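Chemist: Need coordinates for the following:
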Amino acid sequence: MSRLIERGMRVRAVARSREVLAARAWSDVELAAADVLKPETLHSALEDIDIAYYLVHCMRAGDDFEVIERAGAENFARAAARAGVKRIVYLGGLIPRGADSKHLLSRRLTGDLLRVGQVPVTEIRAGIIVGPGCASFEIIRDLVNHLPVMITPRWVRSKSPPIALDNVLEYLIGVAQHDEAAGEIYDVAGPEMLSYEDLLRQYGEHVGKRPRIIPVPVLSPRLSSYWLWLISAVPTSTARALVEGLKLHIEADDSAIRTLVPQRLLSYREAVAAVFDTEQHNAVATRWTEGALMYRNYNPNYAYYAKRDGAFYVAKASPEAVWQQVTSIGGDNGYFFADFLWTIREAIDWALGGPGRNRGRRHPTELRVGDTIDSWRVIGVEAPRRLSLSFGMKAPGAAVLEFEITPIDETFTRITLTAYWHPAGVWGIIYWLGFSPSHFIIFRGMVRAIAERAQEAERFKRPATIEARARATSTDERTEL
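Modeler: Residues are numbered from 1 along each chain as shown. Model prediction:
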């Protein structure tokens, strides 16, 4: 977004959740919520827009992602035409000869469906994009960081031209500034043709690791994708779709776009270094944001993507009453529900040399960023809306616990508790799976207990408030007399 703003463009960022966008803390960017599968939400998001970037994929949806992507593209094309959008810029994928990957074919189909509409489309086709959060790159990162020996299919020697995220962004912005790019399809690529094995080894060199890679003929891409969930936190359906598309060499002819939008292309090694530089410069966030380095304990070896669990409950109480209960968590107040389970976990941590039995807090009800609550650290306070806590016990990964308080109306308030876990490889994922059953019980019990305490506090508060108002009214009447 900052690149568009720097070029003097007015920007509207759109996602299904406006809260996700707000967490990015972009300045001078209008935020909106819309869903390509809900056509009624699209017009207001596209109104008064000249260039609309279509950066949508639905691989997380599982085996039905092709149907969902088709519907989304058709809805978006129609909505863009009705809203008077002048051009759509779409980021698709390079399609190798003989491709039968559902993911790659769906990327091509999405571009075709957008072009059926009345709005001219510029399509950019990229292969492996090297940048924070780019799924193909995050799989590489997780594999190298946590798997010293890799038994791989022969696809590990298939070649493609990886491209740095910075270069892709420059192309996306550049084509929008050229009218002659309307209706065109451009391949984009980095300056090198590298095998997946090369990518793994060169990344390893950057982080000081030397993975041993053993290709075997009997292991297919589909078969190898089934165990990736145990190593990588990249959503399983996404990882599977990507891996199945790696069995063929992927070539690109990027001569046309290099003439149209000239720039220096980063080598793969330079692109990897840029990832770490970007993460370091964007390490501080005001609330949990996918991949933010501060929520990974400033450890780039922890997975970019987080596992999640949580619960919600609706309280018949004000946000202020709920907030008062949430901010009293820990110390002598406990954790509202099943405290004995927390005690057991703290004892295990203490036995392993961690801070698990360091119970206490600076103040019984007030909190500020940097405070410690037992073995937690306060990393975000937005009264009376959100409280973010970082997990301090010994564990194979980094965890954040976030309470969000949302007023529904004058009477009811929604309490949402979400746990985010950035695992460190296989042990981190096993750890998460082992605790998931207890999460189901504890989190639901916690939000219900917080709601009940807030409701009880307001019941005791209201009579006193009514009596105080009555006394004030009587005083005013006597004064008037």
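Chemist: CA atoms for contacts and neighbours, from now on please.
Modeler: OK.
Chemist: got any ranges where the stretch 251-400 of the chain has weak pLDDT?
Modeler: Flagging of the stretch 251-400 of the chain using pLDDT under 70 yields the residue ranges 283-284, 286.
Chemist: same question, the stretch 101-250 of the chain
Modeler: Along the stretch 101-250 of the chain, the model assigns pLDDT under 70 to residues 218-222, 225-226, 241, 244-247.
Chemist: mind listing the helices for the stretch 301-450 of the chain?
Modeler: 319-326, 339-351, 425-480 (DSSP state H, counting those that start in this stretch).
Chemist: ditto for the stretch 101-250 of the chain
Modeler: 102-116, 135-146, 165-176, 196-207, 221-225, 236-243.
Chemist: can I get the CA coordinates of the last one in CSV?
Modeler: Read that as helix 236-243. Only the C-alpha atoms of helix 236-243 are listed here, as CSV (Å, rounded to 0.1, in the frame of the first residue of the first chain):
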residue,chain,number,x,y,z
THR,A,236,-2.7,-28.0,4.2
SER,A,237,-5.1,-27.5,1.3
THR,A,238,-2.9,-24.6,0.0
ALA,A,239,0.3,-26.5,0.4
ARG,A,240,-1.1,-29.6,-1.3
ALA,A,241,-2.4,-27.5,-4.3
LEU,A,242,1.0,-25.8,-4.7
VAL,A,243,3.1,-29.0,-4.4
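Chemist: so what does that helix touch, helix or strand wise?
Modeler: Using 3 or more CA pairs under 8 Å, 6 or more residues apart in numbering; DSSP states H and E, the elements in contact with helix 236-243 are helix 102-116, helix 135-146, helix 221-225.
Chemist: Now the element after it, going C-ward?
Modeler: Sequence order places helix 255-260 as the next helix or strand after helix 236-243, per DSSP states H and E.
Chemist: Mind listing what's buried along that next one?
Modeler: Neighbour counts over helix 255-260 (16 or more other CA atoms under 10 Å) mark 257, 258 as buried.
Chemist: same question, stretch 161-169
Modeler: 161, 162, 163, 164, 165, 166, 167, 168.
Chemist: excluding its backbone neighbours, what's nearest the third one?
Modeler: To tie it back to what came earlier, the one meant is residue 163. With sequence-adjacent residues excluded and distances taken as CA to CA, 6 or more residues apart in numbering, residue 163 is closest to residue 190, at 4.1 Å.
Chemist: Over to the fifth one?
Modeler: Distance criterion CA to CA, 6+ apart; nearest residue to residue 165, sequence neighbours excluded, is residue 131 at 5.0 Å.
Chemist: Now render the buried residues of stretch 161-169 as TSV, adding distance to residue 375.
Modeler: TSV is the format used below for the buried residues of stretch 161-169 (distance: CA to CA, whole Å):
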residue	distance to residue 375
161	46
162	42
163	42
164	39
165	37
166	39
167	42
168	42
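Chemist: Which of these sits closest to residue 303?
Modeler: Of all these, residue 165 has the smallest distance to residue 303: 18.6 Å, by CA to CA.
Chemist: contacting residues around that closest one?
Modeler: Listed by CA atoms under 8 Å, 6 or more residues apart in numbering, the contact set of residue 165 reads 129, 130, 131, 271.
Chemist: quick one: contacts of stretch 130-140?
Modeler: Outside of stretch 130-140, the residues within contact range by CA under 8 Å, 6+ apart are 128-129, 162-166, 199-200, 203, 232, 234, 238-239, 242, 268, 271-272, 274-275, 278-279, 291, 303-305.
Chemist: My error: substitute stretch 86-98 in the last question.
Modeler: So stretch 86-98 is contacted by 49-55, 104-105, 107-108, 110-111, 119-127, 172, 176, 182, 187, 248-252 (CA under 8 Å, 6+ apart).
Chemist: what's the distance between residue 361 and residue 391?
Modeler: 15 Å (CA to CA, to the nearest Å).
Chemist: got the domain boundaries for this structure?
Modeler: 34-282, 307-466 (automatic domain parsing).
Chemist: Which one (most neighbours) among the contacts of residue 165?
Modeler: residue 130 (27 neighbours; other CA atoms under 10 Å).
Chemist: Distance of the closest residue in space to that residue that isn't next to it in sequence relative to residue 208?
Modeler: In space, and not counting its chain neighbours, residue 130 is closest to residue 164: 4.7 Å by CA to CA, 6+ apart. Computed as CA to CA, the residue 164 to residue 208 distance reads 21 Å.
Chemist: again with residue 376
Modeler: Distance from residue 376 to residue 208, by CA to CA: 31 Å.
Chemist: All set now, cheers.
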